[in-house]
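Q: coordinates only, sequence not included:
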């Protein structure tokens, strides 16, 4: 009898593709490529990974063809704004961050959404743009495109564009600047709202839990130091994103202790300098591979 398998849809190419596979591998799953570049299988779990177009991932998940998907929140929101359902977000994944922005020629004088009245705006996100314009009470013409939106002003197809911005390099290369943010986006894990087989449901929960652990460990650091007992309140204030630190006795010392803490935020050199100024010594910062 064939074992039931969980199906995960990811982007086949683009900014989320490699990061999605990296996430799966960091979660402890050994990934093998099939004869086709469009599918992978997991060696140590009954999981198949399908590589598809980003825009198709919510459809795959909603229809139950895939049980899970990793997709940009912008794609998910565009589908929801158009009335799509059958997909539920599980959690953000912390990579692929971007903004959906309204942009145009640098000479354009933007004084708020009212500046958009009567203009033509090219976009691949007509539903989200329609929502934004409607909420702002703006009357503008939307020109729907399937790609290369940034060339629309130069080709006189539109006055402005509404497109994803990550570094801004593409806008700058086309003489454009971002004026307004419609929404913030990043990669997100989604699942089908359909009921799963109990075994697959447990596997889905395990996979989600591992993903949470990987995401939680991305910027987390394990910090150890020695410090005077009197400095503990100040040290607890300085440690970024840490809960109550672990305090251990130092052999032969009544006035000092060892302090261990997991910091969920980045630990910068300025943080170490502040800890030293508070009285800490022998400060050690370690990366965390896994956190659950």
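A: Perfect, thanks for sending it. Bear in mind the structure is a predicted one, so any value in this text is a computation, not a measurement. Numbering: from 1, shown residues only.

Q: contact partners of stretch 149-168?
A: Contacts to stretch 149-168, defined as C-beta atoms under 8 Å, 6 or more residues apart in numbering, come from residues 15, 72, 74, 97-105, 108, 116, 119-125, 128-129, 132, 143, 145, 170-171, 174-176, 178-179, 182, 185. All C-beta atoms are positioned from the backbone trio N, CA, C, and that covers glycine.

Q: Now the buried members of those residues.
A: Buried by 16 or more other C-beta atoms under 10 Å: 15, 72, 74, 98-104, 116, 119-125, 128-129, 132, 143, 145, 171, 174, 176, 178-179, 182, 185, out of the contacts of stretch 149-168.

Q: taking these one by one, which sit in strands?
A: Among the buried ones among the contacts of stretch 149-168, the members falling in strands (DSSP state E) are 72, 98-104, 120-123, 143, 176, 178-179, 182, 185.

Q: Rounded mean pLDDT for the host helix or strand of residue 50, please.
A: Secondary structure from DSSP states H and E places residue 50 in strand 47-52. Across strand 47-52, pLDDT averages out at 94.

Q: next structured bit after that strand?
A: The element immediately downstream of strand 47-52 (helix or strand, assigned by DSSP H and E) is helix 57-62.

Q: pLDDT (mean, whole number) over that next one?
A: So the average pLDDT for helix 57-62 ends up being 94.

Q: didn't residue 177 look like it was pressed against residue 107?
A: No - counting by C-beta atoms under 8 Å, residue 177 does not reach residue 107; the two are 9.2 Å apart.

Q: of these two, who's got more company?
A: For residue 177 and residue 107, the more surrounded residue by other C-beta atoms under 10 Å is residue 177, and the numbers stand at 16 against 7.

Q: Could you check the pLDDT of the more buried one?
A: 94.

Q: before we move on, what about residue 105?
A: pLDDT recorded at residue 105 is 95.

Q: Output the below-cut-off pLDDT ranges for this structure.
A: 1-2, 242 (pLDDT under 70).

Q: and it, what are its domains?
A: The chain breaks down into these domains under automatic domain parsing: 6-95+187-217, 98-185, 221-287.

Q: Can you give me the end-to-end span of stretch 161-175?
A: Using C-alpha to C-alpha, to the nearest Å, one end of stretch 161-175 lies 12 Å from the other.

Q: Apart from its neighbours in sequence, what residue is nearest residue 260?
A: residue 246 (4.3 Å; C-beta to C-beta, 6 or more residues apart in numbering).

Q: ok, and what's touching the longest helix along the chain?
A: In the chain, assigned by DSSP state H, the helix with the most residues is helix 198-217. Residues outside helix 198-217 that contact it (C-beta under 8 Å, 6+ apart) are 4-6, 8, 23, 26-29, 45-47, 67-68, 90-94, 189, 191, 196, 264, 288-292.

Q: Selection in ChimeraX covering whichever of these are buried, please.
A: Only the buried entries of the contacts of helix 198-217 go into this ChimeraX selection, using 16+ other C-beta under 10 Å:
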select :6,8,23,26,27,29,45,47,67,68,90,93,94,189,191,196,264,288
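
Q: Tell me which entries of the contacts of helix 198-217 lie within helices.
A: Among the contacts of helix 198-217, DSSP H puts 23, 26 in helices.

Q: Show me the contacts of helix 198-217 that map onto strands.
A: The members of the contacts of helix 198-217 that map onto strands under DSSP E are 6, 8, 47, 68, 90-92, 189, 191.

Q: now these as CSV including distance to residue 213?
A: Below are the ones in strands among the contacts of helix 198-217 laid out as CSV (distance: C-beta to C-beta, whole Å):
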residue, distance to residue 213
6, 18
8, 17
47, 17
68, 16
90, 14
91, 11
92, 15
189, 13
191, 18
